[in-house]
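**Q** Take a look and give me a structure for this.
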Amino acid sequence: MNAALMERLRQISPEEAYYRSHPGWVRQELYTSDQPEEIDQKLLLSKGKLITVRPHSRFVAFPAHRHNYVEMMYVCHGTITHWIDGQRLILKPGDFLLLNQRVMHAIEEAGEEDIGINFIALPEFFELPLQMLHRKNVIADFLQHLLRRDAPNAHYLLFRLGGDTFVENMMENMISSLLQDDRNEDEINRYSMGIVFLHLLNHMDTLTQSSTLDYDELVVQSTLTYLDTNYKTAQLSQIANDFHQSLSVLSRLIHEKTGSTFQELLLQKRFEKAKSFLLDTDLSVEEIARAVGYENQSFFFRQFKKRYHQTPRRFRQTHRTAAILDDGK
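**A** Numbers count the residues shown, from 1 in each chain. Predicted coordinates:
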């Protein structure tokens with residue numbers, strides 16, 4: 001991370017100086033108002049703002065609490081240790097933790113070289129990032145729960161992103177702009193967070209803790225995300241290597257969770273893409289076959305006709321004619 005920014009984050013705030021001289025004493029009035037176990041966004045977030053950042057306060061342990069806002073923590077240096085549902089989660093540089101409004105957690109005392117950044121956000125901040133995501137994935141599900149007005153269940157996600165320079169650069173930019181309190185950057189930060197989430201969808205293997213998924217579901221979610229972006233060259237062996245699973249165990253798990261084999265899911269994704277190319281582009285059928293992973297044109301034609309009872313060319317003509325007739329009504 002940028003050296004000047006890190007130097008700024010290392011500076012000891014007046015609040016932290018107090019904790020150094022008053023060991024073990026949490027200044028509750030800085031964080032809570034009506035409910036002692038609930039951190040109040042009104043005390044931390046300026047009126048009219050949807051998001052801000054606050055360096056995590058060092059030299060004191062925070063007892064179990066929740067927030068009436070959405071909290072995200074990104075660790076820049078050292079470690080920050082959380083306790084959630086009886087689990088001790090040690091966050092290291094690059095780790096990214098998302099907590100919704102109902103998660104109860106405690107935080108162990110952080111030392112001088114333990115630098116974490118808290119993003120404090122209202123649910124409305126995530127409306128745009130959600131629009132940028134495909135709807136069937138674990139991150140979109142998390143965001144949808146945030147935006148529901150009825151009391152959501154406790155949900156959290158922990159991504160282990162150490163060494164991911166893309167996310168580090170995005171976080172650095174957002175932290176810098178929010179520390180400067182540049183209101184003109186709010187919309188940019190919403191897009192930036194959406195881009196971070198899109199990046200995470202391609203790296204679901206970094207999601208190591210979740211209150212919403214067990215490990216098997218995580219593997220399947222990662223498989224479906226992998227197929228979305230790698231349908232042309234997808235190999236089951238790649239996922240098996242990423243999750244250190246045998247091919248037989250992984251194949252059985254995918255079938256149990258989805259009702260389909262990996263090969264069936266791959267074919268489904270390829271022909272969904274082929275349909276999209278036929279309707280939305282002027283690529284030739286031969287070019288589309290290659291674009292979705294088939295050098296064997298005859299196999300592509302046979303499989304397409306078997307699925308849709310039409311040749312690719314007839315499918316294109318029929319649906320484009322129907323679209324023209326609908327537009328003319």
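**Q** quick one: the strands in the stretch 101-250 of the chain?
**A** 105-107, 115-121, 156-159, 207-210 (DSSP state E, counting those that start in this stretch).
**Q** Turn those into CSV, including mean pLDDT, mean neighbour count and distance to S276.
**A** Using the backbone N, CA and C atoms, a C-beta is placed for each residue, glycine as well. Shown next, in CSV, are these (pLDDT from 0 to 100; neighbours: other Cβ atoms under 10 Å; distance: least, Cβ to Cβ, whole Å):
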stretch, mean pLDDT, mean neighbour count, distance to S276
strand 105-107, 97, 19, 42
strand 115-121, 97, 23, 34
strand 156-159, 94, 22, 30
strand 207-210, 82, 18, 28
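**Q** want to throw those strands into CSV with distance to L133?
**A** Formatted as CSV, the strands of the stretch 101-250 of the chain follow (distance: least, Cβ to Cβ, whole Å):
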stretch, distance to L133
strand 105-107, 25
strand 115-121, 16
strand 156-159, 13
strand 207-210, 14
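**Q** Nearest to S248, out of these?
**A** With Cβ to Cβ as the measure, strand 207-210 is the member of the strands of the stretch 101-250 of the chain nearest S248 (24.0 Å).
**Q** For that closest one, which strands pair with it and how are they oriented?
**A** Strand pairing for strand 207-210, using DSSP bridges, gives strand 156-159 (antiparallel).
**Q** what separates the partner strand from the chain centre, distance-wise?
**A** Put simply, strand 156-159 sits 8 Å off its chain's centre (Cα atoms, centre = their mean, to the nearest Å).
**Q** go on, stretch 67-76?
**A** With Cα atoms, centre = their mean as the basis, stretch 67-76 stands 14 Å off its chain's centre.
**Q** re the thing from before, nearest to A291, out of the strands of the stretch 101-250 of the chain?
**A** Of these, nearest to A291 by Cβ to Cβ is strand 207-210, at 29.5 Å.
**Q** ok, residues contacting the closest one?
**A** The contact list for strand 207-210 (Cβ atoms under 8 Å, 6 or more residues apart in numbering) reads 87, 89, 138, 156-160, 200, 213, 218, 222.
**Q** how about a markdown table for these, with distance to Y191 added?
**A** Listed next are these as a markdown table, based on distance: Cβ to Cβ, whole Å:
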| residue | distance to Y191 |
| --- | --- |
| Q87 | 33 |
| L89 | 29 |
| V138 | 21 |
| Y156 | 24 |
| L157 | 20 |
| L158 | 24 |
| F159 | 19 |
| R160 | 24 |
| L200 | 15 |
| L213 | 27 |
| L218 | 27 |
| S222 | 25 |
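**Q** Closest one of the residues you listed to E71?
**A** If you rank the contacts of strand 207-210 by distance to E71 using Cβ to Cβ, Y156 comes first, at 9.4 Å.
**Q** Bridge partners for that closest one, pull those for me.
**A** Under the criterion used here (DSSP bridges), Y156 is bridged to L99.
**Q** Enumerate every residue touching it.
**A** 84, 97-100, 103, 105, 209-211.
**Q** How much space separates it from Q131?
**A** Taking Cβ to Cβ, to the nearest Å as the criterion, Y156 is separated from Q131 by 22 Å.
**Q** And for K49?
**A** K49 is 20 Å from Q131, by Cβ to Cβ.
**Q** neighbour count winner among these two?
**A** Set K49 next to Q131 and count neighbours by other Cβ atoms under 10 Å: K49 wins out with 17 against 12.
**Q** Which pLDDT value does the model give the more buried one?
**A** On pLDDT, K49 comes in at 90.
**Q** helix, strand or coil for it?
**A** Under DSSP: H, G, I helix; E, B strand; the rest coil, K49 falls in the coil class.
**Q** Quick one: neighbours of the residue nearest to N202 when sequence neighbours are not counted, just the number.
**A** Excluding its sequence neighbours, the residue lying closest to N202 (Cβ to Cβ, 6 or more residues apart in numbering) is T229, at 6.0 Å. Counted with other Cβ under 10 Å, residues neighbouring T229 total 11.
**Q** ditto for V75
**A** Neighbours around V75, by other Cβ under 10 Å: 24.
**Q** Centre-most residue in this protein?
**A** F197 (3.9 Å; Cα atoms, centre = their mean).
**Q** tell me the secondary structure for the spatially closest residue to F119 that is not a sequence neighbour?
**A** Leaving aside its sequence neighbours, F119 sits nearest to M72 (Cβ to Cβ, 6+ apart; 4.0 Å). Of the three states, M72 takes strand under three-state DSSP.
**Q** shouldn't M72 be in contact with N100?
**A** No. Using Cβ atoms under 8 Å, M72 is not in contact with N100; the gap is 10.3 Å.
**Q** Looking at the two now, which is surrounded by more residues?
**A** N100 (22 against 19).
**Q** wait, what's in contact with the more buried one?
**A** With contacts defined as Cβ under 8 Å, 6+ apart, the neighbours of N100 are 70, 142, 145-146, 152, 154-156.
**Q** on that earlier part again, so what's the residue nearest to F119 up against?
**A** By Cβ under 8 Å, 6+ apart, M72 lies in contact with 96-99, 118-119, 121.
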